[in-house]
Structures are given as C-alpha cells and as structure tokens.
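the sequence and its predicted three-dimensional model are supplied below.
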Amino acid sequence: MRFQEAAALSLLRAGLAAAQLTYASNQPKVIPDSEAVAANFPKVQDVELFSPAFANPESVPGTFANGTSGPTDEATLDYFLRTLAARNEWMTYHNPDFQSEEGRLIPYVYLSTSKPVLNSLGSHANASAPGKVRIWMQGGVHGNEPAGDQALLALLGKFDANATWAASVLDKVDIMVLPRYNPDGVAYFQRYFATNFDPNRDHTKLARQQTRDIKKLVMGFAPHVGVDCHEYSPTSPFGANEQWVDAQDGQFSAMKNANIHPDIRNISEAVFANAIAAAMERRGLRWGAYVTGPSGTDDLVLEETTGDAKIGDSSVALSQAIMFLTETRGIGLADQHWQRRVASGLTMVETIVQTAADRAEEVYTTVENARAKFIASTEDIIVTESARPTNISWQFIEATTGELVDVPVQFLNTTPVVANLTRSRPEAYVFSRAWADVAERLRVAGLDVQTLQVDFRGEVEAFNITSAAVARTKYEGVARTTVTTETVKKEVRIPAGGFWVSTRQKNAAHAFVTLEPEGIDSYATFNVLPVSVGDEYPVYRVIV
C-alpha cells in the first residue's frame, strides 16, 4: 500500500473525506475514548508544561472541550512568543514578510547564543560558530492537531523557565522554531489550508504560495536536524469487530527516502530514534513507529513512514538532514488526555534537541561529511522505492476491556526501503527557458539553478514516454499521471536563457525526486511537466 492511499484511509478515520470538504468547516468528528480505554492514559507525573494552555489555562476557550477549536488562539500564541523573546536575549521573535492564505501571521523564533549576523534571513545558516548544529522545528501543519504546536510551545517555555539548561543546549545548537505552520487551519480547526489544500502534500508541486514561502525559510536556514510535530487519529478502531484501539502515546519516524545519504539515515535511527524511545519509556509512555493502515479487518497491514517527497518532513530531509516526524495520539479526542498528549509531544521534541546538543560534534560532523559525500557521489540515484513486508506484533488496546494486547500484523517496513528503479546520476539536468516555472520550483526547494548564458549543445540522455496512465480521481486538484520511459541518447541544443541544474550540490535530491519522470511525486506525475505516450520528456540528463 502506498503512503498516499494509507493517508486517504487516515482521513476517513479522522471523519474526513475529500468529497466532503467545504470552506472553513472541516473539523473532525469527536469520538472520545471509552472509560475502559481512557484508563490507559493518566496524566504524566513530574512533567511541568509551560505552554500557554497550561501556564495560562484561562486562555483556553470552551470550544476546545467540544472539539471545534484548539486551545491557543493566534493572539495568545503571538503574545507568548513575543514575551519570551523580550525577556531572553538568546531568543529573537520574527514576523516574516509573508502571511497565511487569509493574511494571518506566521511568526517564528530563533534561539541562539551565536553572534548575530544582521540583515538577512539566510544569515541564520551562517550565524553559527564552526561546528554548531542547526535545528529546525515546526508544528501546526495540520490545524486540527493541537498537541503539535503546543509541544513546541512547551519546549520554548522550558527554555524560558530553565536558564541553566537553555545555556547548556544553546552552547551547542542554534534552533529555529515555527510553531504554527498553518494558522488558517488552526483558526478553523481543520487539517487543511484555507483553500483546502493539504499543507503536508504540497512539497513537490508547490501549488500554494504559503508552501513556497515557508520552504524558502527552512531551506535558507539549512538545518542539520529537524522535526515536524503532528497528531494522529485513534478514533476508528481496528479489526473486523472494531475490537482494537491505538495504544501508542507517540509515534515517530526518521525520514526514509533512499536519496538521503545513508550516514544520515543511520545516525537518525541508531542515535536519535533510540534516544526518543528510551525517553518515552522513562516517562511511562508507549511509543511506536509512525504507521498507517486500514481498519475493518483482522488481517492487519500497517505501513511505516515512506519516503514520499511531496510530504514536508521528507522534503526537509532531502536537503541531507536528520529529520523526524512525531505524532501524538489525539485527532478527534477534543481535550481528552490533553496533559498526556502534550507531555508525549514534549518528550519527543526535547529529546531530539537534547540528543543533538549532547552529541553536537558527532551530529555536525556526520551531516556535513555526508553532504560532502553526497555531492561527490557517483552512485546511482533512486527513482522509485518500496517497503519490505515483515511479520511483527503491534500493541493495541482491547476496546471493551481496556487491556493492552499484542496483535500479529503484516508490517511494511521502510527501515530501510527497497530500491526498485535506479538510474545513473547525471552531472546535470538541462531544459528550455519555456519551463521557467519548473526552474522556480527547484529554486524554492533550495537548488542552485543556473541560467544558460550561451547555447548548450551536446549529447544528453532523453526520455521517450512509453506509457502514461492518468488516475481516475483527482489528488490535490490533479489527476496524477504514472509514466514509464525508455532512454535514448541524442544531441540537443538548448538556447541561451535555458536552465542548468547541477547535481553537485547539497539539495540535488530535490532534483532527483522531481525531474526523474517515474517518481511518484515527480513533476511528470503532477502534470507540472505534462506528457503523453510518444512524447519526448522536455528535461534532459547531461552525462559525463
């Protein structure tokens, strides 16, 4: 099962289906845990939460309890960020020159004890002393997942409340926190942007300006480590008789795309994932890999996080970074188990930060060396990949008794993925200035795209389209096209003004996943570069 299919099932589990979308009114159905199930989710002891919903509980609207709003509105969040920045010299508040689709603020804060470099957003990437790790943290991508942004606010509150700890961490790392990626979605307590595009499925086609604006911000920061904070839905039981309920307080996964250098994927799993798991267990919290799967059957198939480039966390990781998805159990629960949900989210994100700080030299060296190896690599690139079916036990809660049970499942394992279609790495891609919109998308993704000053003439690899199957339904407004190709060598002339994309750069994987036409999230798939059977694909591979 591909991730996008599982994601559609997840939307159904959250009480949403694409055909049901309306403007500003797409809240998930509230289905609280039964008393028997809820007994498994007591408050977490010895965890103090300093986010607005806990530090200032009178700010939480009554509508949070009935599942029609989140706990922290735009004004409260903005005041919280400004207040923390005003009393801590190591935190600066930023209101960028872009806004949400409906004009709401998208503030972020920058935490650093490095000497500031003025007058440039991009300077954040250069502000660190040599060897200092940069961490990107985002939440609130889906507006109906409140523990995502609240966990990051709780982390900021902890920095503010514990000066000694803050100093020790910021001696090793610089952090950029964008707690609320989708303020319109939060305002309407819905998953989507105001336009009903999914913010987390727009990272190759880049259909929305808000996606592009935030992507420029994160790519300019060039993080070594990152995290994207979400909630998952436990409201639709598994099993033919709906007998099993999700048990994990938190699910998390490092990014899997095989075009991420293996050294980065290895440290993500061996160091960071193990640290998160241990931290969850120390607080008596249950955890697992992030999975999706259908309900309604006893023959359970759970798919681990895939490497889909259209998804925001994978997109950051493809810049050759350690990147995690964290998912707290929560969609559709309104305010049920709220303290435990935020404590779970905080545990995961603070562990990522602490691990990066504790092992800063190792993290910095591993990522920077991996980037250098990636740039110089002559190994094949991965165009398509798939999971490895395995059989494991997965922990659920018995819906009627509340007992924890281990259930045998087929687990589609993506640690690591299996490479299906590979191809030699080109030195560059070259194409006509007629496709300036393609060049702009690549630049937004952090690629250095050169404009040809003179005509390009030379032998290239070209693709002939041998099949082009158009999907029967639309996805994010597009009937996607699945293509197959054959490769031919030919001489081409691209006039001056065309575009040259070298693959000898840190962000080249973004070119691989978008410009190789068979990729599931490519520009050909999303009809940014539309093709039919018999066409010659208009992007050419330069092979040395």
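That came through fine.

check contacts around the closest residue to residue 352 other than its chain neighbours.
Nearest residue to residue 352, sequence neighbours excluded (C-beta to C-beta, 6 or more residues apart in numbering): residue 227, at 5.3 Å. Where C-beta positions appear, they are placed from N, C-alpha and C, glycine not excepted. Going by C-beta atoms under 8 Å, 6 or more residues apart in numbering, residue 227 touches 135, 136, 137, 138, 323, 324, 325, 326, 348, 349, 352.

could I get the residues you listed as CSV with distance to residue 377, secondary structure and neighbour count?
CSV is the format used below for the contacts of residue 227 (distance: C-beta to C-beta, whole Å; DSSP: H, G, I helix; E, B strand; the rest coil; neighbours: other C-beta atoms under 10 Å):
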residue, distance to residue 377, secondary structure, neighbour count
135, 26, strand, 25
136, 24, strand, 26
137, 29, strand, 27
138, 29, strand, 27
323, 20, strand, 29
324, 24, strand, 27
325, 26, strand, 25
326, 30, strand, 30
348, 32, helix, 27
349, 32, helix, 24
352, 27, helix, 25
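
please parse the protein into its domains.
3-43+54-233+247-381, 424-542 (automatic domain parsing).

look up how far residue 417 lies from the residue nearest to the spatial centre of the chain.
The centroid of the chain falls nearest to residue 313 when counting by C-alpha atoms, centre = their mean (2.1 Å). Taking C-beta to C-beta, to the nearest Å as the measure, residue 313 falls 15 Å from residue 417.

now residue 507
20 Å.

residue 270 too?
Separation of residue 270 from residue 417 (C-beta to C-beta): 17 Å.

with neighbour numbers in mind, choose between these two.
residue 417 (21 against 11; other C-beta atoms under 10 Å).

check which residues of stretch 46-58 are buried.
Within stretch 46-58, the residues that count as buried by 16 or more other C-beta atoms under 10 Å are 47, 49, 50, 51, 52, 53, 54, 55.

now the fourth one, what are its backbone angles?
Its backbone dihedrals place residue 51 at phi -80, psi 160, with angles given as degrees, to the nearest 10.

how far away is the residue nearest to residue 352 from residue 253?
Distance, residue 227 to residue 253, using C-beta to C-beta: 11 Å.

what do those two both touch?
Common contact partners of residue 227 and residue 253 (C-beta under 8 Å, 6+ apart): 324, 325.

so which strand or helix has the residue nearest to the centre of the chain?
helix 312-317 (DSSP states H and E).

tell me the secondary structure for residue 388?
Under DSSP: H, G, I helix; E, B strand; the rest coil, residue 388 falls in the strand class.

so for it, what's the nearest residue that isn't a sequence neighbour?
Counting by C-beta to C-beta, 6+ apart, residue 388 lies nearest to residue 413, which is 4.6 Å off, once chain neighbours are set aside.

correct me, but that neighbour touches residue 386?
No. Assessed by C-beta atoms under 8 Å, residue 413 is found out of contact with residue 386, at 10.4 Å.

who has more neighbours, those two?
Higher neighbour count among residue 413 and residue 386: residue 413, with 18 against 15, using other C-beta under 10 Å.

so who does that one touch?
Neighbouring residues of residue 413 by C-beta under 8 Å, 6+ apart: 304, 387, 388, 389, 390.

and it, that's in a helix?
No. For residue 413, which was evaluated using three-state DSSP, the result is strand, with no helix membership.

for it, give its distance to residue 291.
Taking C-beta to C-beta, one finds residue 413 at 10 Å from residue 291.

got it, and residue 211?
With the distance defined as C-beta to C-beta, residue 211 ends up 26 Å from residue 291.

also residue 186?
Residue 186 is 26 Å from residue 291, by C-beta to C-beta.

quick one: which of the two has more around it?
residue 186 (26 against 23).

as CSV, could you dump the C-alpha coordinates of the helix or strand containing that one?
Per DSSP H and E, residue 186 falls inside helix 183-188. Extracted in CSV, the C-alpha atoms of helix 183-188 (Å, rounded to 0.1, in the frame of the first residue of the first chain):
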residue,chain,number,x,y,z
PRO,A,183,-2.7,29.4,11.2
ASP,A,184,-5.8,29.4,8.9
GLY,A,185,-6.2,25.7,9.6
VAL,A,186,-5.9,26.3,13.3
ALA,A,187,-8.4,29.1,13.1
TYR,A,188,-11.0,26.8,11.6
